[in-house]
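Engineer: Structural data only, the sequence is not supplied:
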Ligand code: NI
């Protein structure tokens, strides 16, 4: 079996004590590839550093909506410079988060739009973090104002919203949330999404799947996401792993 964890935060300080061990044991757990995703300038640099040291590891660079309040126009030039690194495969994570509202919404929108433009310009796929912000996001999708070569990371919206994203050509990625007991609504979305549009991720160190819920999440637990997805789709986990692996390679052009 081979697994591709498309969204990790291995640069997170919760991995400071054992990062190299966590990465080293991935191949013994069938996780052959992973993307570590930046949330600001500093973490994006750290992600590139991790990716450059390890085979099968890649990086995404971008400013998270939580940090949009710190956005400076000069950041774009910095991100563009980083994106020239051959291990950088996407712009992200970028988007809108109205659940926490850590940054004013107009600033989130500005940082999101300017980074979508950057992704288009650099011809890189984008990784979207959209939480409780579909009211503003979907009209942008419908009007073609989004970079549609994008993945909806840690998808948590409705089935209707997912249909609009799929119509626009996006990929949909799921975390261990689909293994949670109260996940009924999201399972309908997994059921609906065509298999060639699915990707799997841990979003570690957050979102640990059952039976590791509450612990620090790690990329090796992405197998639990594949297992649940396979169960929903009625196929073997090995097949689900292979399909999502190939989808990720195709989407991120790896
Ligand atoms: Ni993330």
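Structural biologist: On my side now, so go ahead. Small disclaimer: the values here were computed from a predicted structure and weren't measured.
Engineer: Enumerate every residue touching residue 126.
Structural biologist: By CB atoms under 8 Å, 6 or more residues apart in numbering, the contact set of residue 126 is 62, 90, 91, 92, 94, 115, 116, 119, 147, 149, 150, 151. Where you see a C-beta, it was placed from the backbone N, CA and C, and this is true even at glycine.
Engineer: Any of these buried? List them.
Structural biologist: Taking 16 or more other CB atoms under 10 Å as the criterion, what is buried in these is 62, 90, 91, 92, 94, 115, 116, 119, 147, 149, 150, 151.
Engineer: Quick one, which of those has the minimum pLDDT?
Structural biologist: Of all the buried ones among the contacts of residue 126, residue 147 carries the smallest pLDDT score, 82.
Engineer: For that residue, give its distance to residue 43.
Structural biologist: 21 Å (CB to CB, to the nearest Å).
Engineer: same question, residue 50
Structural biologist: Taken as CB to CB, the span from residue 50 to residue 43 is 10 Å.
Engineer: what is in contact with those two at once?
Structural biologist: Taking CB under 8 Å, 6+ apart as the contact criterion, the common neighbours of residue 50 and residue 43 are residue 11.
Engineer: re earlier: please produce TSV containing the contacts of residue 126, extended by secondary structure and distance to residue 235.
Structural biologist: Formatted as TSV, the contacts of residue 126 follow (DSSP: H, G, I helix; E, B strand; the rest coil; distance: CB to CB, whole Å):
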residue	secondary structure	distance to residue 235
62	coil	33
90	strand	27
91	strand	32
92	strand	28
94	strand	32
115	helix	35
116	helix	34
119	helix	32
147	coil	31
149	coil	27
150	strand	26
151	strand	21
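Engineer: Closest one of those to residue 254?
Structural biologist: The closest of these to residue 254 turns out to be residue 90 (CB to CB; 10.2 Å).
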